[in-house]
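J.: what's the 3D shape of this:
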Amino acid sequence: MKPKYHSAKTILAPLMKLRSEGISVAQSLTATGLSLSILERPEQHVNLSQELTFLRNLRRVSGDPGIGLYVGSCYPLSVFGLYGYALMSASTMREALKLAYHFVELSFAFYEHHMRVEDGFVVMAMAADDYHAEDLPMLSEREMTATFMILRGLLGDDFHPAEVSFRHARQVELSRYRDVFGVAPTFGATENAMRFSLDVLETPLLQCDSDTAALCIDRCERIKARLSEEHNVVDEVREMLLLRPGYFPGIEAVAEKLNISGRTLRRRLRASGSGYQKIVDDLRYELAREYLQGTAMSIEQVASLLGYSDAAHFCHAFRRWSGCPPSQFRGAPAA
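T.: Model prediction:
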C-alpha cells in the first residue's frame, strides 16, 4: 500500500534548501494550492498530486534532470517526525523495516514498496503506479534516494547497498549516482530495487528504546487512522487526474482504477455533492489560473497541459468559467 498523503515536510525540506540556492518559491509551488505559511503549519499534510505538481515544477524551474536524486537526499529520518522516531527506536533493523512498511502511509512513498529475501540478499523493490512516463525517472530516483537515506539514518554513514537498479535510462552523469549511493546503479533493469546483505537485518540499532518505540507506534497508528478517515472519493478522483498531466479519462476508466464500478463512483460523487465532470472542470480551471498567472507558458502550452486538442477549445472553456479570455486573465493583477 502507498500513502494518500505525505507530511508537508516532504515539500518543505527540499523547498527551503532550493530557496537558499536561488530557486523561486512561488514558481516551485505553482498550481499546488500551497504556500510557505501552509507548509509550515504543525502536522500539515499534502496529497500526492500536490507534491507531484511541486516536483514537476522543480524539474522545470531548475532544469536539473537529476532533481529526483536531489529531492530524495533532503530526507533525513528526522523529516518524518514520529514515523522516523519509531524506526530509530526499534531494537533491530528487521524490526525497523517492519515498522517502515506497516506505517508506509506516513512516509515519502509514491510507489508500492515490497521486500523479499533472495540469494542471501534483502531486496527492497519499488513498483510504479499509473504515472506519466516522463515523471517516472524523477519519481524513481527520488524514491530510491529517500529509501537509501532512511537506511543510512538507521545504520550509519558507512552503509552502502550491494546493488541499486533502475528501470529507466541514466539521467545524469554516473558520478552523481555514485556520490549518492556509493555504487554505480544498473539502468534498464527489470525493476527499481536496492539490494543489501541479509545479515544487515539483525543489526542492533544504537538508539533502541522500547518505551519511545511504544509511544511513537501508538501515535503513528492514530495519525494513520485519521488520514484514512479524512480521505474522500472527490480527493481520490482529483488525485488520480493530477497524476498524468493532460490526460482526463472517462469516468469508467477512473472507476476501474479505484476498483469500483462507474455506477458506484457516480453514486459516491453525488453523495459528496459533486460529479465527475464538475471535478474535471473545477480542476482544469484551478490549474489554468495557476499556469496563466504563475508561469510564462504560452496559451497553447497551457491548453495542452490541460488536455485540450487546441488552444481555441481551451479559450472557449476558460471564457465560460471566468467570463474573460485567458489572455485578459493573465494581464489582470493576481487576486
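
J.: L82: what's it in contact with?
T.: By C-beta atoms under 8 Å, 6 or more residues apart in numbering, the residues touching L82 are L106, C216, R219, C220, I223. To be clear about C-beta, it is placed using only N, CA and C from the backbone, and glycine gets the same treatment.

J.: who's in contact with S73?
T.: Shown in contact with S73 (C-beta under 8 Å, 6+ apart): T145, M149, V180.

J.: return the subset of those residues lying in strands.
T.: Judged by DSSP state E, strands contain none of the contacts of S73.

J.: quick check, nearest of those to R270?
T.: Nearest to R270 out of those is T145 (C-beta to C-beta; 42.4 Å).

J.: now that closest one: how far from V71?
T.: T145 sits 8 Å away from V71, taking C-beta to C-beta, to the nearest Å as the criterion.

J.: and those two? which has more neighbours close in?
T.: With other C-beta atoms under 10 Å as the criterion, T145 and V71 differ in neighbour count, and V71 comes out ahead with 29 against 23.

J.: which element, helix or strand, includes R222?
T.: Here R222, judged by DSSP states H and E, is contained in helix 210-230.

J.: what's around L206, how many residues?
T.: By the measure other C-beta under 10 Å, the count of residues near L206 is 9.

J.: now, the contacts of S73 that are in helices?
T.: Secondary structure defined by DSSP state H assigns T145, M149, V180 of the contacts of S73 to helices.

J.: what about L87, how many residues nearby?
T.: L87 is flanked by 28 other residues according to other C-beta under 10 Å.

J.: okay but it is in contact with L151, surely?
T.: No: contact between L87 and L151 fails when scored by C-beta atoms under 8 Å: they sit 10.0 Å apart.

J.: overlap in contacts, the two.
T.: Joint contacts of L87 and L151 (C-beta under 8 Å, 6+ apart) do not exist.

J.: what are the ranges of the strands in the stretch 51-200 of the chain?
T.: Using DSSP state E, counting those that start in this stretch, the strands of the stretch 51-200 of the chain run over residues 112-118, 121-127, 163-165, 192-197.

J.: distance to G307 added to the contacts of S73, as JSON lines?
T.: As requested, the contacts of S73 are exported to JSON lines (distance: C-beta to C-beta, whole Å):
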{"residue": "T145", "distance to G307": "31"}
{"residue": "M149", "distance to G307": "35"}
{"residue": "V180", "distance to G307": "35"}
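
J.: returning to what we had before: want to throw the strands of the stretch 51-200 of the chain into a markdown table with mean pLDDT, mean neighbour count and distance to R263?
T.: Listed next are the strands of the stretch 51-200 of the chain as a markdown table, based on pLDDT from 0 to 100; neighbours: other C-beta atoms under 10 Å; distance: least, C-beta to C-beta, whole Å:
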| stretch | mean pLDDT | mean neighbour count | distance to R263 |
| --- | --- | --- | --- |
| strand 112-118 | 93 | 13 | 28 |
| strand 121-127 | 96 | 19 | 30 |
| strand 163-165 | 98 | 20 | 42 |
| strand 192-197 | 98 | 21 | 36 |
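
J.: now tabulate the ones you listed in JSON lines and tack on distance to E95.
T.: As requested, those are exported to JSON lines (distance: least, C-beta to C-beta, whole Å):
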{"stretch": "strand 112-118", "distance to E95": "13"}
{"stretch": "strand 121-127", "distance to E95": "14"}
{"stretch": "strand 163-165", "distance to E95": "24"}
{"stretch": "strand 192-197", "distance to E95": "16"}
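
J.: out of the ones you listed, the one nearest M240 is which?
T.: Ranking these by distance to M240, with C-beta to C-beta as the measure, places strand 112-118 first at 15.4 Å.

J.: could you say what helices and strands that closest one packs with?
T.: Secondary-structure packing of strand 112-118 (3 or more C-beta pairs under 8 Å, 6 or more residues apart in numbering; DSSP states H and E): helix 93-102, strand 121-127.

J.: buried residues of the longest one, list them for me.
T.: By neighbour count with 16 or more other C-beta atoms under 10 Å, helix 93-102 contains the buried residues M93, E95, A96, L97, L99, A100.

J.: indicate which one of the strands of the stretch 51-200 of the chain is closest to V237.
T.: Ranking the strands of the stretch 51-200 of the chain by distance to V237, with C-beta to C-beta as the measure, places strand 112-118 first at 20.1 Å.

J.: relative to strand 192-197, how tilted is the closest one?
T.: Comparing the axes of strand 112-118 and strand 192-197 via axes from the mean of the first three to the mean of the last three C-alpha atoms, to 10 degrees yields an angle of 40 degrees.

J.: just for this protein, where's the confidence low?
T.: Applying pLDDT under 70 to the chain flags the ranges 1-3, 129, 228-231, 243-245, 259, 332-335.
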